[in-house]
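Q: Here is a sequence together with a model predicted from it:
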Amino acid sequence: IIQLLDWQDQPERYIMVLERPLPCKDLEDTARVIMAQATKAAYLDIKQENLLINTETLEVKLIDFGCGDLLQDSGYEQFC
């Protein structure tokens, strides 16, 4: 999971400084399989913008957890 490095509370917004591993590479399909196996949860918003990959260690960081659900046998009716 991506690390929060710093934050500020301002009157009309919050500002978050998040880590961004460099160099990065898109491993979306691999991250989807790992996430499903490791947590038995569905991360319903897998897309390039929500994955950070360290290309030296192949460590995957997921961001944006606004859309998630427990795994279920039937299909999902709501998607992000």
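A: Done, it's in.

Q: all helices for this protein, in order.
A: Per DSSP state H, the chain has helices spanning 28-39. These are given in chain order.

Q: Low-confidence bits of it, can you list those?
A: In the predicted model of the chain, residues 37-45, 65-80 satisfy pLDDT under 70.

Q: rerun at 90
A: Low-confidence segments of the chain, defined by pLDDT under 90: 1-3, 18-56, 58-80.

Q: quick one: contacts of stretch 50-58?
A: The set of residues that contact stretch 50-58 without belonging to it, under C-beta atoms under 8 Å, 6 or more residues apart in numbering, is 2, 19-28, 31, 59-64. Every residue, glycine included, has its C-beta placed from N, CA and C.

Q: and the end-to-end length of that stretch?
A: The straight-line separation of the ends of stretch 50-58 (C-alpha to C-alpha, to the nearest Å) is 15 Å.

Q: Any buried residues in that stretch, and which?
A: Residues 50-54 are the ones in stretch 50-58 that count as buried (16 or more other C-beta atoms under 10 Å).

Q: again with stretch 21-38
A: 21, 27, 31, 35.

Q: Contacts only, for the first one.
A: With contacts defined as C-beta under 8 Å, 6+ apart, Pro21 is in contact with 52-54, 59, 61.

Q: how about a cut-off of 10 Å?
A: Applying C-beta atoms under 10 Å, 6 or more residues apart in numbering, we find Pro21 in contact with 2-3, 52-57, 59-61.
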